[in-house]
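J.: Sequence plus the predicted model coming up.
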Amino acid sequence: MNDFVGKIQELKKKRNAVILVHNYQLPEVQDIADFTGDSLGLSIEASKTKADVIVFCGVYFMAETAKILSPQKTVLIPEPSAGCPLADMISAQQVRDLRVQHPDAKIICYVNTSADVKAECDYCCTSANAVEMLQNAFSDQDKIIFLPDKHLGSYAAHKTGRNVIIWQGYCPSHARILPEHIVALKKEHPAARVMAHPECNAAVLKLADAVLSTSGMLRYARESQAQEFIVATEVGMIYPLKIENPGKRFYEATSLASCPNMKKTTLAKVATSLENMVHEVLLPQDTINRAKRSIGNMIRFRKDAQLTQKEHEETKSLS
Ligand code: CIZ
């Protein structure tokens, strides 16, 4: 493993590359990251660097997001077959069909969508700001379609009281987290706080002390007085939580919530990617322009606590 780490460091310098690693990746891959985090945060960070090359350790739509925000950089994904079943639950043609059926609706897509789908939508959102977007980006008269995640869409609709047409997609890994997993863990660890990702089903969210994105979980765990946490999201999240909070204890809701696509990226593949400059993520300029508009429309409304005023100003150019 160490051989690969040395080789990656060498190649990174040679290629003037930056390595982005999603919170759900394998621990050894998280350890070689220049930045770890959620897909949008990582893509924004990379766009601010002077790197010529971005290596995105995550799933395909995430690397596409990096390309949309840094079209002049070469974006590589070490494992191109690392897809996202949730993102694959809606196609650009299906969004166009929705437009025909609901010509007066505003369409908002979760960041877990392909670039082609983002390009067809009016607004993008993240799990951190879906509620805020529904609250602030639309007037009471607006008809809203939310896609593709039914759990995030229903949660945001419920929190805001908005009437929303919701696409029925879901994340298979989060779907394996059941309320009985949380109830059993709560019995074992009664003092633990429950953090749940809004891709979980409503029965799980009901048992949560906090419903949070991955970056929200890191912030909550850091700031909370609690010493123990039950974590209802993809199991990879346990690693960054433990690294950032060595004195605190974190329990995965279930080991079944492991995303096989997220675990496809290995150090060997990262090294090969940098050595041979594979696998490049390419998008038509028109797709980049249109997808960037829907991301930009979100950034204008983003009041995510993670974004400082300076970052808001820096990202204004995207809108
Ligand atoms: O976009 C991301 O990074 C995902 C999938 C989730 C999150 O909450 O960070």
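T.: Sure thing, it's come through. If you're wondering where the values come from, they're calculated on a predicted model, not measured in any experiment. Numbers count the residues shown, from 1 in each chain.

J.: Is the ligand within reach of the helix or strand hosting residue 119?
T.: Assigned by DSSP states H and E, residue 119 belongs to helix 115-120. No: Helix 115-120 lies apart from the ligand when judged by CB under 6 Å from any ligand atom; the minimum separation is 12.4 Å. Any C-beta I mention is one placed from the backbone N, CA and C, and that applies to glycine too.

J.: can the next helix-or-strand element following that helix be found next to the ligand?
T.: Per DSSP H and E, the first helix or strand lying C-terminal to helix 115-120 is strand 123-125. No: applying CB under 6 Å from any ligand atom, one finds strand 123-125 out of contact with the ligand, separated by at least 10.2 Å.

J.: ditto for stretch 233-250
T.: No: judged by CB under 6 Å from any ligand atom, stretch 233-250 makes no contact with the ligand; its nearest approach is 7.5 Å.

J.: and stretch 148-166, average pLDDT?
T.: For stretch 148-166, mean pLDDT is 97.

J.: what does it rub up against?
T.: Applying CB atoms under 8 Å, 6 or more residues apart in numbering, the contact partners of stretch 148-166 are 86-87, 89-90, 102, 105, 109-110, 112-113, 117, 127, 130-131, 133-135, 138, 143-147, 167-171, 174, 198-202, 205, 211.

J.: Among those, name the buried ones.
T.: Applying 16 or more other CB atoms under 10 Å to the contacts of stretch 148-166, the neighbour count classes 86-87, 89-90, 105, 109-110, 112-113, 117, 127, 130-131, 133-134, 138, 144-147, 167, 169-171, 174, 198-201, 205, 211 as buried.

J.: Could I get the phi/psi values of residue 210?
T.: Phi and psi for residue 210, reported as degrees, to the nearest 10, are phi -150, psi 130.

J.: That one bridge partners, please.
T.: residue 195 (DSSP bridges).

J.: okay, now it: neighbour count?
T.: Residue 210 has 14 neighbouring residues, counting by other CB atoms under 10 Å.
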